[in-house]
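Student: for reference, the sequence and a predicted model appear below.
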Amino acid sequence: MILRVLMYFGILAIGWLLSSRGAIHGNLMKKISNIQTLILFGLIYIMGVRVGMDEQIISSIGQIGIMAAVFGLITGTFSILLVYILRKRFITDLNITGGTND
Amino acid sequence: MTKKILLVLVLGILSGLLFMPQVFYDNSGLLMDIGLCLLLFFVGIDLGSNKSIFKNLKNLGFKILIVPIATIVGSLIGGLVCSFIFKINIFGSLAIASGLSWYTLSAIIITPISSELGTIAFLSNVFREVMAFVAIPFIAKKIGYLETIAAGAAISMDTGLPMVTRNTNQEVAVISFISGVILSLAVTVLVPIFVGFI
């Protein structure tokens, strides 16, 4: 896992360094948003294919799928709720929080 | 964006169910790794083009830690609530909640103790990741930027990072990566601890 984190950090750092030193061509900079969207959709598609082809997921969805879905929903919702409450209290920079602080 | 993501995801699931050959599944991990590395490279380019990011983040200081800590505590509260709803072992429920979207690791650690809890951990964390992908554009628009990190939890440093970046801004992308690293490390500590009490 540590190697993976280092690899991700290294790749981010290479992109950051190249860009901050002006080594990225202006034309590429303009297209970056579209390229990111394209790759992102590709990744989501592959993720979907993996879910569809994973026998463990498909076979267990019928038995405990609803329980697992509720579990995922509740844990995610409480995380969002707590971050929302605490960032309203402690973080006021709208550029970072998005939304509103009132 | 949410509709498009949902559409692409459903198309992927249907393709996997109906006609995709096994060889695609065998190589899909490599494909995802390549796509993810490319995306992270472009996220890095995005970050480098904005000179004020680190200055803005420096002003936040240790407040950055609010996001991963609140995400973990929120998930654990959610796990407690689920243990009462479904009447399952509290520590088993907390172990599942500690997966924080990292479905492979949490399921691998829990399954030797209980295959049922392991399967719930696997599926619930898969669902949490999928729900995060679908909900992040909505959360960023209607609730706030930092909450997008809480939705995806541990995936905020890898697969979720491009989604956060696309729907928020560069400062939040850096917080997302840092939070994702902390949350992933937390999974490796919390799941075994709670499994030990089952």
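Tutor: Here it is on my side, so go on.
Student: ok, the nearest residue to A:Met67 once chain neighbours are set aside - contacts?
Tutor: Leaving aside its chain neighbours, A:Met67 sits nearest to B:Phe86 (5.8 Å; criterion: CB to CB, 6 or more residues apart in numbering or on different chains). Every C-beta, even on glycine, is put in place using the N, C-alpha and C of the backbone. By CB atoms under 8 Å, 6 or more residues apart in numbering or on different chains, the contact set of B:Phe86 is A:Met67, A:Val70, A:Phe71, B:Ser93.
Student: mind redoing it with 10 Å?
Tutor: A:Ile64, A:Met67, A:Val70, A:Phe71, B:Ser93, B:Ile120 (CB atoms under 10 Å, 6 or more residues apart in numbering or on different chains).
Student: what is the neighbour count of the residue nearest to A:Met53 when sequence neighbours are not counted?
Tutor: Distances taken as CB to CB, 6+ apart put B:Gly16 closest to A:Met53, at 4.0 Å, once the chain neighbours are dropped. Applying other CB atoms under 10 Å in any protein chain shown, we find 24 residues neighbouring B:Gly16.
Student: the bottom helix or strand of chain B by mean pLDDT?
Tutor: Least confident helix or strand, chain B: helix B:53-60 with a mean of 70, by mean pLDDT, DSSP states H and E.
Student: what are the buried residues along the following helix or strand past that one?
Tutor: Sequence-wise, the next helix or strand downstream of helix B:53-60 (DSSP states H and E) is helix B:66-86. Buried residues in helix B:66-86, defined by neighbour count with 16 or more other CB atoms under 10 Å in any protein chain shown: B:66-72, B:74-83.
Student: test my guess that B:Phe133 contacts B:Thr159.
Tutor: Yes. Look at B:Phe133 against B:Thr159 with CB atoms under 10 Å: they come within range, at 8.1 Å.
Student: so what's in contact with these two at the same time?
Tutor: With contacts taken as CB under 10 Å, 6+ apart, the residues that reach both B:Phe133 and B:Thr159 are A:Leu40, A:Leu43, A:Ile44, A:Met47, B:Gly152.
Student: nearest spatial neighbour of the second one, chain-adjacent residues omitted?
Tutor: The spatially closest residue to A:Leu43, leaving aside those adjacent along the chain, is B:Gly35, at 4.7 Å (CB to CB, 6+ apart).
Student: point out where chain B drops to low pLDDT.
Tutor: Applying pLDDT under 70 to chain B flags the ranges B:1-2, B:52-53, B:55-57.
Student: what's the neighbour count on A:Gly52?
Tutor: A:Gly52: 22 surrounding residues under other CB under 10 Å.
Student: could you do A:Leu81 as well?
Tutor: 17.
Student: what kind of secondary structure is the residue most central in space within chain A in?
Tutor: In chain A, the residue lying closest to the centroid (CA atoms, centre = their mean) is A:Leu40, at 9.9 Å. Counting by DSSP: H, G, I helix; E, B strand; the rest coil, the backbone at A:Leu40 sits in helix.
Student: now it, nearest residue through space, not along the chain?
Tutor: Computed as CB to CB, 6+ apart, the closest residue to A:Leu40 that is not its neighbour in sequence is B:Pro162, at 5.1 Å.
Student: what about that neighbour, how many neighbours?
Tutor: Using other CB under 10 Å: B:Pro162 sits among 25 other residues.
Student: the helix or strand hosting it: which residues count as buried?
Tutor: For B:Pro162, the enclosing helix or strand under DSSP H and E is helix B:161-167. If you call a residue buried by 16+ other CB under 10 Å, then helix B:161-167 has these buried ones: B:Leu161, B:Pro162, B:Met163, B:Val164, B:Thr165, B:Arg166, B:Asn167.
Student: what's the spacing between B:Glu147 and chain A?
Tutor: 5 Å (CB to the nearest CB, to the nearest Å).
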